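J.: what's the 3D shape of this:
(one chain, ligands or ions: 1)
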Amino acid sequence: MTNNNHKYLSVRVILKNTKLCRELFRKLKFLFSIKNSLHSSAKFTRIDGVLYHNSTRQFCLVLATITIFFSCSSGPQVNRGVIAEKGMVVSARAEASRIGTEILKKGGNAFDAMMATELALAVAYPYAGNIGGGGFMVYRKSNGDIGALDYREKAPLAATRDMYLDNDGNIIPKKSTVGAHAVGIPGTIAGIFEAHKKLGSLSIQEIFEPVIELAKKGVVVTQKQERRIKAFQKSFLAANKDSILLTKNWKENDTIKYSALAHTLERISKNGRDEFYKGETAKKIVEFIQENGGIITLEDLGKYKAKWRGPIAFQYDDLKIISMPPPSSGGICLAQIMNGIEPYNLHEFGHNSVKAIQVIVEAERRAYADRSFYLGDPDFVNIPVDTLISKNYKKRRMDNFSFEKPTLSKDLQHGNIEMFESNETTHYSIVDQFGNAVSVTTTLNSGYGSKLYSNELGFFFNNEMDDFSSKPGVPNVYGLVGTKANEIAPEKRMLSSMTPTIVEKDGKLYMVVGTPGGSTIITSVLQTILNVHEFQMGMQEAVNQPRFHHQWLPDVVRIEPNRFDEETKKQLEKIGYKLYERNSSVIGKVDAILVLEDGRYEGGADPRGNDTAVGF
Ligand code: DON
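T.: Modelled structure (predicted):
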């Protein structure tokens, strides 16, 4: 924390903590900390991450004693999510969380469970789970080692900067979003095999077996899935030459058997990673994509490699945040936003209060303006990472912020840095019985990706090429604008917003968090961390909260419909903020795990989807 003065005691802190009725254990610890601190000579004392002024400590002791007594006897209980002692998987589908947990129970570690969960999502959640897409993993081992794996898709060798423009330089509608032209070289199989090779412990066959069984036995259609499949059927028929598995009239409680995918997985289980990139499956992929007018070749697949990267790590108060580096913008933007808001006392402003929303929105606006200008594939562009994530730079960027009125995005450009100093994705979070943690976000980009589905191979292909900036200044499907840094080039990785994140507190594992949501990913991860850290919520409670989002352009604050206080909305509009509520859908679908004070895990599975936490 850089600005301690903002965070000394207000009676509200105590009352709020108490109101939330933390576990008795925590309350007693708190009480003892206050008692012990009475003997200290320091001016301020940190208790539970909050600074208290000495003159208030006597008063605190009495007040805390009284409130602990009352809150534990009759106060409201924290609405906790699933609690587990040893290990946990939280993902978009119960089937995938169960398979991941079973792998842990068998003695596998978080990296084995990662491979199983990723594959199980490809079966049970074809909307975003995939083997035809890509993703990112951030990990923290029990010994504190951290790392990040990039298995993002790449542009094919034959890709060109203007491949989605017509002769007049205008974007050709849908070319970067639907069908074979939209597909980037898939990275998922390379990613999970790479993670397993370096960090896994069980055999590939042991991990694949329950997933193949699930695909053969089939997956029951949920109510949400029925609605979703119906909504997409027209697009499936438009993107494919034939009808596909999901163009049948599936109803809730039907069981869909994924036999073709089961065969593909059996081949990969038997022949390994190269089956997908060089073997029979590779040949079938290339044949299929080219028949549908795409440009991916065997050489493209053969050259694909997942890459280990150094995570973005930064401090916020007493937390260390570890997140994804480029080609995701997630870690850098998260650092920039958190650096921007750190000096303000959000806790005192109140959760989703006008002032808290203002501070967060203005920090977001500035970070997204920088994202658009500076960020792209680090193998192709120079990114001033150290400056962008430095506290000083963000302080400079926030200098013209005032509570009186918004900074208009039209008046705000990217920051000047001396060049250069030396809807649909899915997220899952895993902790294992050894203390390892894995945070993975994986995607096909849009729902069912390019909608292009191979009946023979049994999976959808991504439309990740739309994450490039097809034309400078023209927004992609998430309304994000880009410049040269994210223009298309052969073998380049498109910029992402995916933000798989791990948080440490006092040097120990504290939280595993991430979400889908395109450009809203970064801000959803941010709000979930803040809900726990600044507003003392439990994991499930933090995930459930209404969310808002600003991304520089368009200059609106997106808010989840019907979930924000009318008075807060009125005040924000009065100050000059444009709110976008109508037609705005859910923002993020967060799956997270919190390490409780007693060492157990609390899952936070987003009720916006069918997301489920399973632990043991
Ligand atoms: O990588 C990205 O930022 C996007 N392709 C993520 C897409 C996404 O989250 C869609 N989910 N709602």
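J.: contacts and neighbour counts: CA atoms only from here.
T.: OK.
J.: surely His549 meets Glu560?
T.: No: contact criterion C-alpha atoms under 8 Å: His549 and Glu560 do not qualify, at 9.0 Å.
J.: what residues are shared contacts of the two?
T.: Ile587 (C-alpha atoms under 8 Å, 6 or more residues apart in numbering).
J.: the two: which is more packed in?
T.: His549 (25 against 21; other C-alpha atoms under 10 Å).
J.: low-confidence ranges in the stretch 351-500 of the chain?
T.: Applying pLDDT under 70 to the stretch 351-500 of the chain picks out residues 418-423.
J.: same deal with the chain?
T.: 1-78, 418-423, 584.
J.: around the ligand, which positions in it sit nearby?
T.: 423-425, 445-446, 464, 467, 496-498, 516-518 (C-alpha under 6 Å from any ligand atom).
J.: now neighbour count too, for these, in CSV please.
T.: Below are those laid out as CSV (neighbours: other C-alpha atoms under 10 Å):
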residue, neighbour count
Asn423, 23
Glu424, 18
Thr425, 29
Asn445, 31
Ser446, 23
Glu464, 30
Asp467, 28
Ser496, 27
Ser497, 26
Met498, 35
Pro516, 30
Gly517, 25
Gly518, 23
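J.: those in strands, which ones?
T.: Assigned to strands by DSSP state E, the following of those qualify: Thr425.
J.: can you get me a residue count around the residue lying closest to Ile204 once chain neighbours are set aside?
T.: Leaving aside its chain neighbours, Ile204 sits nearest to Ser269 (6.4 Å; criterion: C-alpha to C-alpha, 6 or more residues apart in numbering). Using other C-alpha under 10 Å, the number of residues around Ser269 comes to 19.
J.: coming back round to it: which one of the residues of the chain next to the ligand is nearest Tyr139?
T.: Nearest to Tyr139 among those, counting by C-alpha to C-alpha, is Met498 at 14.5 Å.
J.: the residue nearest to Ile204 falls within a helix, correct?
T.: Yes: counting by DSSP: H, G, I helix; E, B strand; the rest coil, Ser269 is part of a helix.
J.: identify the residues contacting Gln540.
T.: Gln540 is in contact with Asn79, Arg80, Gly81, Glu602, Gly603, Gly604, Ala605, Asp606, counting by C-alpha under 8 Å, 6+ apart.
J.: not counting its neighbours along the chain, what's nearest it?
T.: According to C-alpha to C-alpha, 6+ apart, the nearest residue to Gln540 is Gly604 (3.9 Å).
J.: that neighbour bridge partners, please.
T.: Counting by DSSP bridges, Gly604 forms beta bridges with Ala592.
J.: hey, where'd the strands end up in the stretch 51-200 of the chain?
T.: 83-84, 88-91, 134-140, 146-151 (DSSP state E, counting those that start in this stretch).
J.: quick one: strands adjacent to the last one?
T.: Spelled out, that is strand 146-151. Strand 146-151 is paired, per DSSP bridges, with strand 134-140 (antiparallel), strand 307-309 (antiparallel).
J.: same thing with the shortest one?
T.: Using DSSP bridges, the strands paired with strand 83-84 are strand 601-605 (antiparallel).
J.: hmm, who's touching the strand it pairs with?
T.: Under C-alpha under 8 Å, 6+ apart, the answer for strand 601-605 is 80-88, 90-92, 538-543, 590-596, 611-614.
J.: and the next helix or strand past that strand?
T.: Per DSSP states H and E, the first helix or strand lying C-terminal to strand 601-605 is strand 612-615.
J.: any chance you could map the helices in the stretch 401-550 of the chain?
T.: 521-533, 539-544 (DSSP state H, counting those that start in this stretch).
J.: Leu412 is in contact with Asp370, correct?
T.: No: the criterion here is C-alpha under 8 Å, and Asp370 misses it with Leu412 at 10.0 Å.
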